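Engineer: model this:
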Amino acid sequence: MINKYFVLRKIYSIRKYCITFVKWITIAFIVGATGGGVGALFSKAVIWVTGIRQANSWLIYLLPVGGLAIIGLYKLSKMSEDAGTNLIISSIRTSIDVPMVMAPLIFVSTVITHLLGGSAGREGAALQLGGSIGAKIGSLLKLDERDMSLVIMCGMSAVFSALFGTPLTAAFFAMEVISVGVIYYAGLVPCIASALVAFEISTFFGNKPEAFEISEYIPKLAPVSLLQTAVLAAGCALVSIIFCMAMKYTHEILRLTFENSFIRAVVGGCAVIFLTLIIGNQDYNGSGMDVITNAVENGTAHWYSFLLKIVFTAITIGAGFKGGEIVPTLFIGSTFGCVAGGLLGMSPQFGASLGIIALFCGVVNCPVASIFLSIEMFGVQGLLFFAFASGISYMLSGYYGLYSSQKIVYSKLKTKYVNKNVK
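Structural biologist: Numbers count the residues shown, from 1 in each chain. Below you'll find the model as predicted:
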């Protein structure tokens, strides 16, 4: 005869799981709907100001003024201009509060950067917007410390998904980026649900996913094509280290050389203007999505493009302008992969696609999210190549990364606990 207390315990346990499930589905819907709406608005704002800048090339000369405005906004809000994605990542592991003022600050500052020709992306704003939204909703719902971590990840997933149209990548990126080697599986349902809701809302408002058709360029699975993929991925790992070091040391050098943040922003803005005039075009200003599309769809890129984008982005972000590093990463990966792929004997278009995924993995240390990104951007036909490239780039990129608050929990080379910050 079954003990009635055993049955009662089982019923109570099932009831507890059901209540938790309903709770997080509800929270995920709220966060996803809010993040999707904000993300759609932000995406349209960035596209709009980018169009204005492209139609009025003289706006680049106002970049130093934009830098002063951004620093001034952060000073008025009593926020450190260095506070950003690293604060969001740290808040998930600790009890650090995420101020709501971060959301409008990063929104306006990123729009200014794109309007006036700074070299930056959008995902930095996505993570900060999402983290701020999640933290505010969690605060209103009076969630405890552990639940606050999950709701912040939901917010990150939502706005990232809304901006890029990649819900699975967004969900796993939020769960994976915090502590390399550990995925926060408790966030699986909430993050995926919030990302899907945000994706649907963003699509409803006309935002299109970042996706490319490359099936005709994918080679057959063979020793030669795998060797080509391995060499390209190793090259991307090296470029990822160079990019991360450039971002870190450019910021430190500018900060030490120009202690006044207003002067630093003006000098950085003038440097970007000077470089733009030397090059003679604005291919390296803004996010550079046209260059990415050209590399992936047409297989054309200058051999030096990836180096120039590293320089432009490092100066822009290092000087105090706001935006993200992921779209510049896609630019660098696509142009490097396009050229290197052609030299290795593979299709330049496929090389550009591999370069995007391998470099993304190298700079964010998120192999699972990188594999999902390859599926959502390029389809499943080349999945084995993309997974192979992601693994190699992850392994060979060392303990470097774009986010200094990111933790490397387990070694990339051994089954060993290391628990160290990225370099």
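
Engineer: Give me the helices and strands touching the helix or strand where residue 133 lies, please.
Structural biologist: Assigned by DSSP states H and E, residue 133 falls within helix 123-140. Counting contacts by 3 or more C-beta pairs under 8 Å, 6 or more residues apart in numbering; DSSP states H and E, helix 123-140 is packed against helix 4-55, helix 85-93, helix 102-116, helix 145-164, helix 326-344. Glycine gets a C-beta too; all of them are placed from N, C-alpha and C.

Engineer: most tightly surrounded among those?
Structural biologist: helix 145-164 (a mean of 29; mean count of other C-beta atoms under 10 Å).

Engineer: how far off helix 326-344 does it point, in degrees?
Structural biologist: 60 degrees (axes from the mean of the first three to the mean of the last three C-alpha atoms, to 10 degrees).

Engineer: List the contacts of the nearest residue to residue 394 once chain neighbours are set aside.
Structural biologist: Distances taken as C-beta to C-beta, 6 or more residues apart in numbering place residue 367 nearest to residue 394, at 4.5 Å, with adjacent residues excluded. With contact set as C-beta atoms under 8 Å, 6 or more residues apart in numbering, residue 367 has these partners: 361, 390-391, 394.

Engineer: Sort out for me which of those residues are in helices.
Structural biologist: Among the contacts of residue 367, the members falling in helices (DSSP state H) are 361, 390-391, 394.

Engineer: Tell me which two of those residues sit farthest apart.
Structural biologist: 361 and 391 (8.2 Å; C-beta to C-beta).

Engineer: returning to that earlier point: so which of the ones in helices among the contacts of residue 367 is the closest to residue 322?
Structural biologist: residue 361 (24.5 Å).

Engineer: So for that closest one, what's the pLDDT?
Structural biologist: Looking at residue 361, its pLDDT is 96.

Engineer: cool, and residue 332?
Structural biologist: We have a pLDDT of 97 for residue 332.

Engineer: My guess is it contacts residue 362. True?
Structural biologist: No - assessed by C-beta atoms under 8 Å, residue 332 is found out of contact with residue 362, at 10.2 Å.

Engineer: mind saving the C-alpha coords of stretch 189-204 as PDB?
Structural biologist: Coordinates of each C-alpha in stretch 189-204 appear next as PDB, following Å, rounded to 0.1, in the frame of the first residue of the first chain:
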ATOM      1  CA  VAL A 189      12.300  28.400 -20.400                       C
ATOM      2  CA  PRO A 190      12.100  32.100 -19.200                       C
ATOM      3  CA  CYS A 191      14.800  33.300 -21.700                       C
ATOM      4  CA  ILE A 192      13.500  31.400 -24.700                       C
ATOM      5  CA  ALA A 193       9.900  32.500 -23.900                       C
ATOM      6  CA  SER A 194      10.900  36.200 -23.500                       C
ATOM      7  CA  ALA A 195      13.000  36.000 -26.700                       C
ATOM      8  CA  LEU A 196      10.200  34.500 -28.700                       C
ATOM      9  CA  VAL A 197       7.700  37.100 -27.500                       C
ATOM     10  CA  ALA A 198      10.100  39.900 -28.300                       C
ATOM     11  CA  PHE A 199      10.900  38.400 -31.700                       C
ATOM     12  CA  GLU A 200       7.200  38.300 -32.600                       C
ATOM     13  CA  ILE A 201       6.500  41.800 -31.500                       C
ATOM     14  CA  SER A 202       9.600  43.200 -33.300                       C
ATOM     15  CA  THR A 203       8.600  41.300 -36.500                       C
ATOM     16  CA  PHE A 204       5.000  42.700 -36.100                       C
END
